[in-house]
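**Q** My questions concern the predicted model and sequence given below.
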Amino acid sequence: MARGNHQMSVIKQQLEAVRSQIERLRVKEETLVDLLRELSGEPIPVERTVRKRSPNVKPLVLDYMREVAERGATSKEVDEAVRITIPSVAPDTVGSILSRLKADGALEYDGERYYEKKFAPQAPYRPFEQTLRAV
């Protein structure tokens, strides 16, 4: 079952990468068409630009955190992994998602790395730590 889920995750990531490439090619095509129009003297039609939303990044973040398991990942590592699939993601999006997932209890943070809760390192058992401080 885990293997099937992993395969589905890989296929979804590949699909998102292809969609991202298609979007980049559309932008490149529009630029070339505009250049041809400009060089031929045709007026370039003025279109109202509509801001497109990036695909949902949260599932990619969760999938990546499952993949890194016990190793955990820094915010930068997660951001780089997400940008492979969705290059158009806004600069602070991944950091915000990591922070929200931490606040929701899905992730833990040790000051440097994020871990999925079930893979987070356990705090060392120190039964005498408070006693020593009190003395």
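**A** Alright, I've got the coordinates. Numbering: from 1, shown residues only.

**Q** alpha carbons only for contacts and neighbour counts from here, please
**A** OK.

**Q** so where does Glu42 fall, helix or strand?
**A** For Glu42, there is no host helix or strand (DSSP states H and E).

**Q** so what's it scoring on pLDDT?
**A** Note for Glu42: predicted pLDDT of 78.

**Q** who are the neighbours in contact with it?
**A** Listed by CA atoms under 8 Å, 6 or more residues apart in numbering, the contact set of Glu42 is empty.

**Q** And it, how close does it get to Thr31?
**A** 14 Å (CA to CA, to the nearest Å).

**Q** can you check Arg24 too?
**A** In this view, Arg24 and Thr31 are 11 Å apart by CA to CA.

**Q** Residues in contact with both of the two, list them for me.
**A** What both Arg24 and Thr31 touch, as defined by CA under 8 Å, 6+ apart, is an empty set.

**Q** which ones are touching the residue nearest the centre of the chain?
**A** The centroid of the chain falls nearest to Val82 when counting by CA atoms, centre = their mean (3.2 Å). Counting by CA under 8 Å, 6+ apart, Val82 touches 57, 60-61, 94.

**Q** Pull the most distant pair out of those.
**A** Within the contacts of Val82, Leu60 and Val94 form the most distant pair, 9.8 Å apart (CA to CA).

**Q** and the longest helix for this protein?
**A** Across the chain, the helix with the greatest residue count (assigned by DSSP state H) is helix 2-40.

**Q** just checking, what packs against it?
**A** The elements that helix 2-40 packs onto, with contact taken as 3 or more CA pairs under 8 Å, 6 or more residues apart in numbering; DSSP states H and E, are helix 75-85.

**Q** Give me the distance from the helix it packs on to the chain's centre.
**A** 5 Å (CA atoms, centre = their mean, to the nearest Å).

**Q** Same question for the next helix or strand after that helix: list its buried residues.
**A** Using DSSP H and E, the next helix or strand after helix 75-85 towards the C-terminus is helix 93-103. For helix 93-103, burial by neighbour count (16 or more other CA atoms under 10 Å) applies to 94, 97-99, 101-102.
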